[in-house]
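Undergrad: Provided below are the primary sequence and the corresponding predicted coordinates.
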Amino acid sequence: DALRAIIRDYTREAGVRNLEREIGRVLRYAAVLVAEGGVETVHITCDKLTKILGQPRYESEVAMRTSVPGVATGLAWTPVGGDILFIEATLTPGAGRLILTGQLGDVMRESAQAALSIVKNRAASLGIEGARFEKNDIHIHVPAGATPKDGPSAGVAMFTALVSLLTDRTVRGDTAMTGEISLRGLVLPVGGVKEKVVAAAAAGLTRVMLPARNRRDYDDIPEEARDKLEFIWLERVDDAIAAALTPVT
């Protein structure tokens with residue numbers, strides 16, 4: 001458990017050099033205790049790590065989840081492995097503008113535009129009043145603004161966050177999603193599925209929504225991660241809404 005805590009809370013890298021250094025710090029702490037003659041063996045538990053290594057340097061973003069409409073949990077690929085990210089959407093009085101923040105790249109901005117266009121096109125079937133788009137600005141924010149983000153795979157999460165906001169239905173807190181979207185409402189395949197699914201399992205989530213055309217990547221996912229998760233395969237954005245949003249009360 002202590003080793004897992006060091007990996008999760010004190011290191012974030014593509015290799016294991018910093019992990020080796022942190023383990024070395026723990027072992028030197030134990031060696032000093034033994035050398036001082038007070039003990040013969042030292043048992044390192046999770047609750048001792050703060051004393052030895054200081055406060056955790058990283059925290060799981062799952063702790064940031066909130067059960068309010070307009071927030072969806074996405075999955076991202078990074079150079080140091082998979083990660084979860086939150087897509088937040090809110091309405092402000094305005095004239096129908098789309099505001100995007102969180103240091104998003106051009107491709108991610110285009111995904112947001114596409115997601116909003118699909119929502120507008122399906123507003124009637126989703127029970128959304130068209131006037132809401134004309135009288136309000138829609139602001140989409142992806143936290144961790146200091147970290148550049150780009151790629152098309154947040155399309156499903158952006159669409160889900162928008163529908164959640166505009167229908168006042170929350171997104172299930174145990175569910176994360178990834179997938180590119182087309183203007184026809186198709187969910188297109190993405191890369192980094194193995195890393196993204198491992199990140200979802202490590203974050204304590206229990207359901208992942210993936211493009212149906214990424215079934216080919218299922219065998220690449222470690223069995224330990226597969227056993228912890230329920231997989232929902234998406235053909236269209238309608239599948240995401242049905243699986244992710246809480247029922248209408």
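TA: Structure received.

Undergrad: Quick one: the helices in the protein, in order.
TA: Using DSSP state H, the helices found in the chain span residues 2-10, 17-35, 46-53, 106-121, 123-126, 131-135, 155-167, 193-202, 223-228, 237-244.

Undergrad: Tabulate those helices (a markdown table), appending mean neighbour count.
TA: Just so you know, the C-beta spots here come from the backbone N, C-alpha and C atoms, and that holds for glycine as well. Converted to a markdown table, those look like this (neighbours: other CB atoms under 10 Å):
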| stretch | mean neighbour count |
| --- | --- |
| helix 2-10 | 17 |
| helix 17-35 | 13 |
| helix 46-53 | 14 |
| helix 106-121 | 18 |
| helix 123-126 | 13 |
| helix 131-135 | 13 |
| helix 155-167 | 27 |
| helix 193-202 | 23 |
| helix 223-228 | 12 |
| helix 237-244 | 20 |
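
Undergrad: and of these, who's closest to Arg184?
TA: helix 106-121 (8.5 Å; CB to CB).

Undergrad: OK, contacts around Leu100?
TA: Counting by CB atoms under 8 Å, 6 or more residues apart in numbering, Leu100 makes contact with 109, 112, 139-141.

Undergrad: which stretches of this protein have low pLDDT?
TA: 14, 59-66, 145-147, 249 (pLDDT under 70).

Undergrad: relative to its centroid, which residue of it is most remote?
TA: Distance from the C-alpha centroid of the chain, by CA atoms, centre = their mean, peaks at Gly37 (47.4 Å).
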